[in-house]
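Colleague: my questions concern the predicted model and sequence given below.
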Amino acid sequence: MSLARRRKLLPWWFALPGLLWLIVFFAVPILNQVSVSLMSGDPEVGFSMTWSFSTYWDAIRDYHSQFTRSIGYAGAATIIDLIIAFPLAYFIAYKAGRFKGLWLLLVILPFFVSQVMRTASWQLILNDQGWLVARMQDVGIVSGDGRFLATGKAVIFGISYNFLPFMVLPLYATLDRIDRRLIEAASDLYCSRWVAFRKVTLPLAVPGIFAGSLLVFIPACGDYINSSILGSSNTTMIGNVIQSKFLNVLDYPTAAALSFILMGVILLGIAIYGRVLGTKNLTELAG
Amino acid sequence: MTTVPESTETPAAVRPEVEERDICLEHVHKRYGDQVVIGDLSLVIEQGRFYALLGPSGCGKTTTLRMIGGFELPTSGTVSLAGHDVTQLPPHKREVNTVFQSYALFPHLTVEKNVAFGLERKKVDKHETKRRVAEMLETVQLSHLAKRKPGQLSGGQAQRVALARALVNKPRALLLDEPLGALDLRLRRQLQDQLKQIQQDIGITFVHVTHDQEEAMSMADTIAVMNGGAIEQAGSAEDLYERPETSFVANFLGTSNLIDVTPESTPVDQEFSRGTTVDREPVRYLTHRADGYSGPIRVGVRPEKVRLYATDQSPPDGDNVLHGKVVQSTFLGVTLQYLVRTPGGLELNVIEPNLVGNSAGTFGAGQDVRVAWDARQTFVVEGEATGA
């Protein structure tokens, strides 16, 4: 093989370990699960391939409300995180000065504790007799019956809390990279601080908003810990259904089918979201 | 409704006289903590001037420009534009626009949108905006790149977009912060000519920050040489070159031979005074150039104003003449350069045009020579620091 040819192939060798990894740990399980989703049978006698696409339709029919709820909760949590994270990331990027590192550490510090533990401790903090719930009742976040735990709000709260760093970090990275002279240029060209933010900072932060939203929304859609610990049977998310089908009822085909429906819905959602924010801009700005 | 400042369209002739002073800084100080960046700086820039702030890095020239633009607030002192005190106004309320170092083009907008940015913020009518943007892109010869994003432009193109983006707003004054610094030499020379041409065509005030003396001299009407947060001297290129008033200016613009002399108490005649060098040789200078100095002073002369003579030749009457020995003689084709040392240790650079065409007419190292120049070419820079 000529040297030039070998040179050309070199980058592909770099990609090989990653490619193998993806094939073994991503493609194979997915194909496996696709085939499982099309099987029928029961745990006693075993499952066999019957190409039963009806599992998908049944799953949608039986669990569409959990799907809608999952997407609703995940969407709400994404928006809440965006609202909280943007000013925080902005502050860290522009105003924290030499304490940047410390602030970023504080943002990810809760992650050093297991998610189950963190969520469980919120269960304690948010109990009905607790101080926090009473205060929330004062300001009207909690309705008259005095229950916050076991409501949808509690689950959304839990998801928002648990996934906040995934929003903060990409936003911070994007904002930090924006050339400050662009803001000066905007103010030179008749922008007040607010208009400069709207016309320059915000458009340039779009890749971070996009990345952060995906990093929160996707895992939040499949999350079941928050609903199990902070919610009730009225707040069951699709993650809870999949988990119980898989681990408790051992209905593997339905669990697999639900997973793929969720995947499809998320992919569709991302495509629309990306189109709205302008994917062309995203790749250009990232590049 | 449009909020375009009308004043820029008003012919200069009908403006009240005070507005002739376009930009005015009075007793401006700027400190960051303990560090004094600008100490008591005052300057006046007249309408329509091409004004260069020239100096080495860290001399405060960019800070001065940023205070005019409103990006820095002076610690004390006032900044006025067209006779109005704007010291406390933010950049977006000042009738000046800036071409930033490294351009700061908006990466998410096309060339066209970048140029239209200021007009859109001022809510200029859409058709008007479109027309002016097209016209401006025409002026900087970038019409064919209107739809490109800044990331797809070369350095020279980006520089012209930045210029168009500022000029399209018809500012009272354009502030340029080392606008050519990032470009290679050939392109820089080319854009210098273009910039000068544009300034003459539209006739607004340009304030240009640069560390390149040749750039300043080729473009500016007035050059202010800055050093250590203060203006050393301001004037035309000729003023600064022929009559530098400080040692710093004498050596920052070109090179100079600086000679410390002790003035004689009485003038030679109505025009000239005389001082003696370390070799006890007389050097004459125009008396008025040493006004305000007492004690030892430092005089200077440009190397190309000096001529060498063999000991048996006599220089013209009225020249200052020093005696020395050639230390080094360098043939540079166009010129011949000599380094001459006097017995007292004075070193003088001499640049002579290559008129003779063979080595017979030149001076070799070790040869005794007379160094002479027209006494009128002698300039006086500051007196020697009295404490030293």
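Modeller: Structure received.
Colleague: go ahead and confirm B:Ala195 touches B:Glu215.
Modeller: Not quite, residue B:195 is Leu, not Ala. No. The pair B:Leu195 / B:Glu215 is not scored as a contact, 9.6 Å apart, by Cβ atoms under 8 Å. C-beta coordinates here come from the backbone N, C-alpha and C atoms, glycine included.
Colleague: need the residues touching each of the two.
Modeller: Both B:Leu195 and B:Glu215 are in contact with B:Leu180, where contact means Cβ atoms under 8 Å, 6 or more residues apart in numbering or on different chains.
Colleague: close to chain A, is the helix or strand in which B:His208 is found?
Modeller: Taking DSSP states H and E as the criterion, B:His208 maps to strand B:205-210. No. Figure legend: strand B:205-210 not in contact with chain A (Cβ under 8 Å from any Cβ of the partner chain); closest approach 13.5 Å.
Colleague: excluding its own residues, what touches that strand? List them.
Modeller: Taking Cβ under 8 Å, 6+ apart as the rule, strand B:205-210 contacts B:22-23, B:45-54, B:61-62, B:64-65, B:68, B:172-181, B:195, B:199, B:216, B:219-220.
Colleague: which of those residues fall in helices?
Modeller: B:61-62, B:64-65, B:68, B:195, B:199, B:216, B:219 (DSSP state H).
Colleague: need the residues you listed in JSON lines (columns: pLDDT, distance to chain A and neighbour count).
Modeller: As requested, the ones in helices among the contacts of strand B:205-210 are exported to JSON lines (pLDDT from 0 to 100; distance: Cβ to the nearest Cβ, whole Å; neighbours: other Cβ atoms under 10 Å in any protein chain shown):
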{"residue": "B:Lys61", "pLDDT": "95", "distance to chain A": "17", "neighbour count": "28"}
{"residue": "B:Thr62", "pLDDT": "94", "distance to chain A": "12", "neighbour count": "21"}
{"residue": "B:Thr64", "pLDDT": "96", "distance to chain A": "16", "neighbour count": "29"}
{"residue": "B:Leu65", "pLDDT": "96", "distance to chain A": "12", "neighbour count": "22"}
{"residue": "B:Ile68", "pLDDT": "96", "distance to chain A": "11", "neighbour count": "25"}
{"residue": "B:Leu195", "pLDDT": "91", "distance to chain A": "18", "neighbour count": "23"}
{"residue": "B:Gln199", "pLDDT": "93", "distance to chain A": "19", "neighbour count": "22"}
{"residue": "B:Ala216", "pLDDT": "94", "distance to chain A": "23", "neighbour count": "26"}
{"residue": "B:Met219", "pLDDT": "93", "distance to chain A": "22", "neighbour count": "23"}
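Colleague: from these, which is closest to B:Val283?
Modeller: Nearest to B:Val283 among those is B:Ala216, at 29.8 Å by Cβ to Cβ.
Colleague: surely that closest one and B:Thr222 touch.
Modeller: No. Between B:Ala216 and B:Thr222 there is no contact under Cβ under 8 Å: 9.7 Å.
Colleague: who are the contact partners of the closest residue in space to A:Ser192 that isn't next to it in sequence?
Modeller: The spatially closest residue to A:Ser192, leaving aside those adjacent along the chain, is B:His92, at 5.9 Å (Cβ to Cβ, 6 or more residues apart in numbering or on different chains). By Cβ under 8 Å, 6+ apart, the contact list for B:His92 reads A:187-192, B:121.
Colleague: of those, closest to B:Val161?
Modeller: Proximity of these to B:Val161, judged by Cβ to Cβ, is greatest for A:Leu189, which lies at 12.9 Å.
Colleague: any idea how far that closest one is from B:Lys122?
Modeller: 9 Å (Cβ to Cβ, to the nearest Å).
Colleague: what is in contact with these two at once?
Modeller: The contact sets of A:Leu189 and B:Lys122 overlap at B:Asn169 (Cβ under 8 Å, 6+ apart).
Colleague: between the two, which one's more packed in?
Modeller: A:Leu189 (28 against 16; other Cβ atoms under 10 Å in any protein chain shown).
Colleague: you'd agree B:Thr87 is in a strand?
Modeller: No. Using DSSP: H, G, I helix; E, B strand; the rest coil, the assignment for B:Thr87 is coil, not a strand.
Colleague: I'd guessed it sits against B:Ser76; true?
Modeller: No. The pair B:Thr87 / B:Ser76 is not scored as a contact, 9.5 Å apart, by Cβ under 8 Å.
Colleague: more crowded one of those two?
Modeller: When neighbours are counted by other Cβ under 10 Å, B:Thr87 and B:Ser76 differ, and B:Thr87 comes out ahead with 17 against 12.
Colleague: mind listing the helices for the stretch 1-150 of chain A?
Modeller: In the stretch 1-150 of chain A, the segments counted as helices under DSSP state H, counting those that start in this stretch are A:3-22, A:28-37, A:54-94, A:100-108, A:115-125, A:131-139.
Colleague: most tightly surrounded among those helices?
Modeller: helix A:54-94 (a mean of 18; mean count of other Cβ atoms under 10 Å in any protein chain shown).
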